[in-house]
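My questions concern the predicted model and sequence given below.
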Amino acid sequence: MKIIFVYPRFEKFLKNNPELDTGLADYFLGDFTTPPSLRIPILAALTPQEFDIELVDDNVGDPVPFDRRH
């Protein structure tokens, strides 16, 4: 059996709050001010070895296989 973990696309903080961009962009690392969630890597690590796993990151443009049945 295969399990596909999808890290969904999210809006970055400064893109949603451009009025804050002037002072904070230099303080943080570019416009990425939210650390990545560790939920999916933890779930993948806890998945029994008899399962095949696939990680899909919608933030970097990986295609999300919505219609995959197997």
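Now that the structure is in, tell me what you want to look at.

May I ask which helix or strand of the protein has the lowest mean pLDDT?
helix 21-27 (a mean of 61; mean pLDDT, DSSP states H and E).

That one: what's the following helix or strand?
Counting by DSSP states H and E, the next helix or strand C-terminal to helix 21-27 is helix 39-46.

Just the CA trace of that following helix, in PDB.
Taking C-alpha atoms only, helix 39-46 is exported to PDB below (Å, rounded to 0.1, in the frame of the first residue of the first chain):
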ATOM      1  CA  ARG A  39       3.900  17.200  11.100                       C
ATOM      2  CA  ILE A  40       4.300  15.400   7.700                       C
ATOM      3  CA  PRO A  41       7.900  14.400   8.200                       C
ATOM      4  CA  ILE A  42       7.000  13.000  11.700                       C
ATOM      5  CA  LEU A  43       4.100  11.100  10.300                       C
ATOM      6  CA  ALA A  44       6.200   9.700   7.500                       C
ATOM      7  CA  ALA A  45       8.900   8.700  10.000                       C
ATOM      8  CA  LEU A  46       6.300   6.900  12.100                       C
END
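
Would you mark the buried spots in it?
residue 40 (16 or more other C-beta atoms under 10 Å). All C-beta atoms are positioned from the backbone trio N, CA, C, and that covers glycine.

which parts of the very next helix or strand once past that helix are buried?
For helix 39-46, the following helix or strand on the C-terminal side (DSSP H and E) is strand 52-57. Residues of strand 52-57 classed as buried by neighbour count (16+ other C-beta under 10 Å): residue 53.

just the angle between strand 52-57 and helix 39-46, please?
Angle, strand 52-57 to helix 39-46, by axes from the mean of the first three to the mean of the last three C-alpha atoms, to 10 degrees: 170 degrees.

so what strands line up beside strand 52-57?
strand 2-7 (parallel) (DSSP bridges).
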